[in-house]
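>>> Just to be clear, the model below is a prediction. Sequence and coordinates:
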Amino acid sequence: MNAARSTSRRRYDVVLYGATGFVGRQTVAYFAAHAGALRWALGGRSAPRLEQARQAGGPGAAAAGIVVAASDDANALDALAAQTAVVLSTAGPFALHGSALVAACVEHGSHYVDITGETPWVRDLIDRHHRRAADDGTRIIPCCGFDSVPSDLGAWLVARALHERYGERCVSVKACHSMSGGLNGGTLASALNMLESGEAKRIDDPFLLNPPGTAPARAGEHADPIAPHLDADFAAWVGPFVMGAINTRVVRRSAALLAAAGDPAYGPDFHYQEYQRFGIGPLAAAAAGSVSLGMGVGRAAMQLDLVRSMLKSVAPAPGSGPSEATMDHGSFRCELVGRSASGRSLRGRIAGRGDPGNRATTRFVCEAALALATEPEALPGGARGGGVLTPATGLGAVLARRLAAAETTVEPMPS
């Protein structure tokens, strides 16, 4: 039996890597409340800080193990991956701290999930590891936080339900986001690292994450929106969504992988786009215009070293984030509309309480890891399914049902 299929005898079911960071500490609290009989551990570079995180997790975390492994210590990461079935990582920026960990997971057949939105780095993972992970049945699933679970899982659920209800393939899905909450320092650090490394230029490719040969001839028709408009489907003014350049690439990879596998839900030249919702009326129109303009100006300004330096001086540092009250009182809502070639349509929604970048992200990635650890046979492709996947292609209906049971609105629910 190869390494990928011998994980049941390992010391741990799940290791939470980056457990001392801002989101990492929240994953410890979530596992302390939801892990049940699973064997789990905290991973990171500092034993004293890991011990502090374990103590902060309360009685439910008392039995959790501690695994010390710095992100640049290949031998320690190799030992970490060898003793767990699943790795959940919140240690960003992932282009700086994630590559060796993923390589160790692929080497030992350990499933992996994270909360990255760094699509250029994900592209590199695909090029380096997809074939072997697929052959071994190892699931490497980045983008399991707010980037990009609502978009990816929501689009898949709508496309699937549309086909099941009407017997027609889905040719387009569009999503509209509303959210409130706070920003943590790790998210900003990841974005700044992409800019400073020059990797951000690759994001402009609408099909950055697609398998080779699956981008349409008229790729320009799928470009990210830059201007607001009054949308009839959502009965509101909408504009560019700050995370659209991440989520759309993930959704398009899902559609391409599923279509290649013979999934009948997706039509040829499947089109996906997403927006931010501003509401109705003159004030909403003005807000949509102002935000759209600001995003364009801000993206140009962020190319300047001086602007990035100024932002670093006032932004929250890595390891810090919004208050408990801000996170608890936040919310998110992703509304979706799918259409067939004949014009039939179907709506979906993924929504919940808690701010998206912290509370929702923690819930999404923890439930993704729990799905891998507890329901491997029920996952898409069964226990042998593998590759560098997406939330929809790697977790599918299992994640949808788990989120619905974790106080998240999921519509339509998978049949």
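Yes, it's here. Numbering: from 1, shown residues only.
>>> Am I right that residue 373 sits in a strand?
No: according to DSSP: H, G, I helix; E, B strand; the rest coil, the state of residue 373 is helix, so it is not within a strand.
>>> before we move on, what SS does residue 16 have?
What three-state DSSP gives for residue 16 is strand.
>>> Likewise for residue 191?
Applying three-state DSSP: residue 191 is helix.
>>> what's the neighbour count on it?
Counted with other Cβ atoms under 10 Å, the burial measure for residue 191 works out to 19 neighbours. Placement of C-beta: from N, CA and C, glycine included.
>>> contacting residues for it?
Applying Cβ atoms under 8 Å, 6 or more residues apart in numbering, we find residue 191 in contact with residue 117.
>>> Name the spans of the protein whose pLDDT lies under the cut-off.
Flagging of the chain using pLDDT under 70 yields the residue ranges 1-8, 185-186, 188-190, 192-196, 301-302, 307-308, 311-316.
>>> longest helix of it?
If you go by DSSP state H, the chain has its longest helix at helix 282-301.
>>> quick one: buried residues of it?
Buried positions in helix 282-301, judged by neighbour count with 16 or more other Cβ atoms under 10 Å: 284, 285, 287, 288, 291, 292, 295.
>>> would you turn these into a markdown table with distance to residue 341?
As requested, the buried residues of helix 282-301 are exported to a markdown table (distance: Cβ to Cβ, whole Å):
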| residue | distance to residue 341 |
| --- | --- |
| 284 | 32 |
| 285 | 32 |
| 287 | 34 |
| 288 | 30 |
| 291 | 33 |
| 292 | 30 |
| 295 | 32 |
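>>> Residue 247: which of those is nearest?
residue 295 (15.0 Å; Cβ to Cβ).
>>> That closest one against residue 240, yeah?
Yes: at 5.5 Å, residue 295 and residue 240 qualify as touching, with contact defined as Cβ atoms under 8 Å.
>>> ok, now which ones touch residue 260?
Residues counted as contacts of residue 260 (Cβ under 8 Å, 6+ apart) are 211, 214.
>>> And it, how close does it get to residue 46?
Distance, residue 260 to residue 46, using Cβ to Cβ, to the nearest Å: 43 Å.
>>> do the same with residue 142
From residue 142 across to residue 46, the span is 24 Å (Cβ to Cβ).
>>> repeat for residue 224
Applying Cβ to Cβ to residue 224 and residue 46 gives a distance of 39 Å.
>>> Show me which of the two is the more surrounded one.
Neighbour count, other Cβ under 10 Å: between residue 224 and residue 46, residue 224 has more, with 15 against 12.
>>> Checking the more buried one next. Helix, strand or coil?
coil.
>>> swap in the one 10 residues further on?
Assigned state for residue 234: coil (three-state reduction, three-state DSSP).
>>> Who are the contact partners of it?
By Cβ under 8 Å, 6+ apart, the contact set of residue 234 is 176, 275, 277, 335, 337.
>>> quick check: domain ranges of this structure?
According to automatic domain parsing, the chain comprises the domains 3-145+359-398, 149-355.
>>> one step back: the contacts of residue 234 in helices, which ones?
Of those, none are assigned to helices by DSSP H.
>>> With neighbour count and distance to residue 247 added, can I get the residues you listed in CSV?
Compiled in CSV, those are given as follows (neighbours: other Cβ atoms under 10 Å; distance: Cβ to Cβ, whole Å):
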residue, neighbour count, distance to residue 247
176, 23, 12
275, 23, 11
277, 23, 15
335, 23, 14
337, 19, 15
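>>> Which of those residues lies at the shortest distance from residue 92?
Among these, residue 275 lies closest to residue 92 (Cβ to Cβ), at 25.8 Å.
>>> can you pull up the bridge partners for that closest one?
Per DSSP bridges, the residues bridged to residue 275 are residue 176, residue 240.
>>> That one and residue 227, how far apart?
Computed as Cβ to Cβ, the residue 275 to residue 227 distance reads 11 Å.
>>> shared neighbours of these two, anything?
Here residue 275 and residue 227 share the contacting residues 239, 240, scored by Cβ under 8 Å, 6+ apart.
>>> on that earlier part again, export the contacts of residue 234 to a markdown table and tack on distance to residue 310?
Shown next, in a markdown table, are the contacts of residue 234 (distance: Cβ to Cβ, whole Å):
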| residue | distance to residue 310 |
| --- | --- |
| 176 | 32 |
| 275 | 29 |
| 277 | 30 |
| 335 | 36 |
| 337 | 40 |
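>>> Check which helices and strands the helix or strand hosting residue 155 is in contact with.
Using DSSP states H and E, residue 155 sits within helix 149-166. Secondary-structure packing of helix 149-166 (3 or more Cβ pairs under 8 Å, 6 or more residues apart in numbering; DSSP states H and E): strand 170-180, helix 244-260, strand 266-279, strand 331-340, strand 345-353, helix 391-394, helix 396-404, strand 408-411.
>>> Same question for the longest one: list its buried residues.
Put plainly, it is helix 244-260. Those would be 244-259, for helix 244-260 by 16+ other Cβ under 10 Å.
>>> and that helix with helix 149-166, angle?
Comparing the axes of helix 244-260 and helix 149-166 via axes from the mean of the first three to the mean of the last three Cα atoms, to 10 degrees yields an angle of 40 degrees.
>>> now do the fourth one
Put simply, strand 331-340 runs at 40 degrees to helix 149-166, going by the same axes, to 10 degrees.
>>> For strand 331-340, name the packing helices and strands.
helix 149-166, strand 170-180, strand 345-353.
>>> ok, 10 Å please
helix 149-166, strand 170-180, strand 266-279, strand 345-353, strand 408-411 (3 or more Cβ pairs under 10 Å, 6 or more residues apart in numbering; DSSP states H and E).
>>> tell me how far that strand is from the chain's mean position?
Centroid separation for strand 331-340 versus its chain: 17 Å, with Cα atoms, centre = their mean, to the nearest Å.
>>> doesn't residue 120 make contact with residue 200?
Yes: Residue 200 lies in contact with residue 120 (Cβ atoms under 10 Å); the separation is 7.5 Å.
>>> ok, back up a step: and of the buried residues of helix 244-260, the nearest to residue 354?
Distance to residue 354 across those (Cβ to Cβ) is lowest for residue 247, with 18.7 Å.
>>> Assess the claim that the closest one and residue 147 are in contact.
Yes: the pair residue 247 / residue 147 is scored as a contact, 6.4 Å apart, by Cβ under 10 Å.
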